[in-house]
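>>> Just need the structure, nothing else, for what follows:
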Amino acid sequence: MVNAATAEKDLAWMRDRTIGSAIQIQPRRDLAMIAVQGPNARAKAVDLIPVGLRERSLALKPFTAAEQGDWFISRTGYTGEDGFELICPAGEAPALWRSLRGADLAPCGLGARDTLRLEAGLNLSGQDMDEAVTPLESGLAWTVAWEPAERDFIGRSALEVQHERDGLRRFVGLLLTGCGVLR
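The predicted structure is shown next:
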């Protein structure tokens, strides 16, 4: 799942890396995603998930997913709150939205999402980090799978050099001590 603001650039990057392979990158513009986040989000949304996916969805650990047909349920939310990301056929999204509203789930905008993700210390691609800022500099070293040591990935050698070096730029949090919204 790519950030909507950087989708075309990200798709082009992925396609460039698959040239000459059997891999095909195909955007699924026939699908829609609704993120349901908050302390009671999963309990309120689970009954709206297709029956065969409900139990599997409740058993998901953070950063995992389950699928059934064109439905894909994940726990990869980007607010710091618990919840689901519900991916379904685009034609089913309006009814799902109405059902979620009927389950007493309130919509929020990107401003609220940004405030929550900032409070949780979550970066946004294209905003807080980009191709010029490595995971080691942006507080995302935990996402780098260094093991097994023989595992190679794009950029590993550059990250290893950077990892051994002192003086990296650092992504730090700010504490707002007065009224206001950090965005």
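>>> Mind naming the longest helix for this protein?
Counting residues, the longest helix found in the chain (DSSP state H) is helix 7-18.
>>> With just CA atoms, put it into PDB.
Listed next in PDB are the C-alpha coordinates belonging to helix 7-18 (Å, rounded to 0.1, in the frame of the first residue of the first chain):
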ATOM      1  CA  ALA A   7       1.600   6.600  -5.600                       C
ATOM      2  CA  GLU A   8       2.700   7.300  -9.200                       C
ATOM      3  CA  LYS A   9       6.400   7.800  -8.200                       C
ATOM      4  CA  ASP A  10       6.300   4.600  -6.000                       C
ATOM      5  CA  LEU A  11       4.700   2.500  -8.800                       C
ATOM      6  CA  ALA A  12       7.300   3.700 -11.300                       C
ATOM      7  CA  TRP A  13      10.100   2.800  -8.900                       C
ATOM      8  CA  MET A  14       8.700  -0.700  -8.300                       C
ATOM      9  CA  ARG A  15       8.200  -1.200 -12.000                       C
ATOM     10  CA  ASP A  16      11.800  -0.200 -12.800                       C
ATOM     11  CA  ARG A  17      13.000  -2.900 -10.400                       C
ATOM     12  CA  THR A  18      11.000  -5.600 -12.000                       C
END
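>>> The next helix or strand after it - contacts with which helices or strands?
Next helix or strand after helix 7-18 toward the C-terminus (DSSP states H and E): strand 31-37. If you count contacts as 3 or more C-beta pairs under 8 Å, 6 or more residues apart in numbering; DSSP states H and E, strand 31-37 packs onto helix 41-45, strand 83-89, helix 93-102. Backbone N, C-alpha and C define where each C-beta goes, glycine included.
>>> Tally up the residues packed near residue 152, please.
7 (other C-beta atoms under 10 Å).
>>> just residue 161 next, same as before
Residue 161 has 9 nearby residues by other C-beta under 10 Å.
>>> Distance-wise, check it relative to residue 169.
Separation of residue 161 from residue 169 (C-beta to C-beta, to the nearest Å): 15 Å.
>>> Return the distance of the worst-scoring helix or strand of the chain on mean pLDDT from the chain's centre.
Least confident helix or strand of the chain, by mean pLDDT, DSSP states H and E, is helix 110-119 with a mean of 83. The chain centroid and the centroid of helix 110-119 are separated by 13 Å under C-alpha atoms, centre = their mean, to the nearest Å.
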